[in-house]
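Visitor: Return atomic coordinates for the entry below.
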Amino acid sequence: MKTIKQTFLLCVDNEGHEASLELRKLYQKLSDKEAQRHNQVRIIDESGEDYLYPSEFFAPIRLPMQTRSRIVEKAA
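Guide: Predicted structure coming up:
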């Protein structure tokens, strides 16, 4: 079975989406190649659903594998 690498992004801007995104919070990024072509990212926001947001709202971060695993474990 193939393991999918979990990617997390840090919210650095939420202008116009204050109810959906919290500044300085980690969000799980979902793979969406079409969104990438339009400079957007698909994330699971505060509603618990996945939506598209501008890429510039987020900063990529690197987390140790153990930390990523713990976050995903707790979210399940």
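Visitor: In space, what's closest to residue 42 - neighbours in sequence excluded?
Guide: Among residues not flanking residue 42 along the chain, residue 32 sits closest, at 4.0 Å (Cβ to Cβ, 6 or more residues apart in numbering). C-beta coordinates here come from the backbone N, C-alpha and C atoms, glycine included.
Visitor: tally of neighbours for the one you found?
Guide: Counted with other Cβ atoms under 10 Å, the neighbours of residue 32 add up to 15.
Visitor: Am I right that it is in contact with residue 41?
Guide: Yes - counting by Cβ atoms under 8 Å, residue 41 is a contact partner of residue 32 at 7.4 Å.
Visitor: Can you check what pLDDT the model gives the residue nearest to residue 42?
Guide: Predicted confidence (pLDDT) for residue 32: 94.
Visitor: residue contacts, it?
Guide: Shown here is residue 32, whose contacts under the criterion Cβ atoms under 8 Å, 6 or more residues apart in numbering are 40, 41, 42, 52.
Visitor: So the last one: helix, strand or coil?
Guide: When you say that, I think you mean residue 52. Going by DSSP: H, G, I helix; E, B strand; the rest coil, the secondary structure assigned to residue 52 is strand.
Visitor: The third one too?
Guide: At residue 42 the chain is in strand, as set by three-state DSSP.
Visitor: mind checking how far it is from residue 11?
Guide: Applying Cβ to Cβ, to the nearest Å, the value for residue 42 to residue 11 is 14 Å.
Visitor: Return the alpha-carbon coordinates of stretch 48-61 using PDB.
Guide: Coordinates of each C-alpha in stretch 48-61 appear next as PDB, following Å, rounded to 0.1, in the frame of the first residue of the first chain:
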ATOM      1  CA  GLY A  48     -14.200  20.800   8.100                       C
ATOM      2  CA  GLU A  49     -14.700  20.800   4.300                       C
ATOM      3  CA  ASP A  50     -12.200  21.300   1.600                       C
ATOM      4  CA  TYR A  51     -12.200  24.500  -0.400                       C
ATOM      5  CA  LEU A  52      -9.900  26.400  -2.700                       C
ATOM      6  CA  TYR A  53      -8.000  29.500  -1.500                       C
ATOM      7  CA  PRO A  54      -5.300  31.700  -3.000                       C
ATOM      8  CA  SER A  55      -1.800  30.100  -2.600                       C
ATOM      9  CA  GLU A  56      -0.500  33.400  -1.200                       C
ATOM     10  CA  PHE A  57      -2.700  32.900   1.900                       C
ATOM     11  CA  PHE A  58      -0.400  30.100   3.000                       C
ATOM     12  CA  ALA A  59       3.300  29.400   3.700                       C
ATOM     13  CA  PRO A  60       4.700  25.900   3.300                       C
ATOM     14  CA  ILE A  61       6.300  24.400   6.400                       C
END
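Visitor: Thanks again, I'm all set now.
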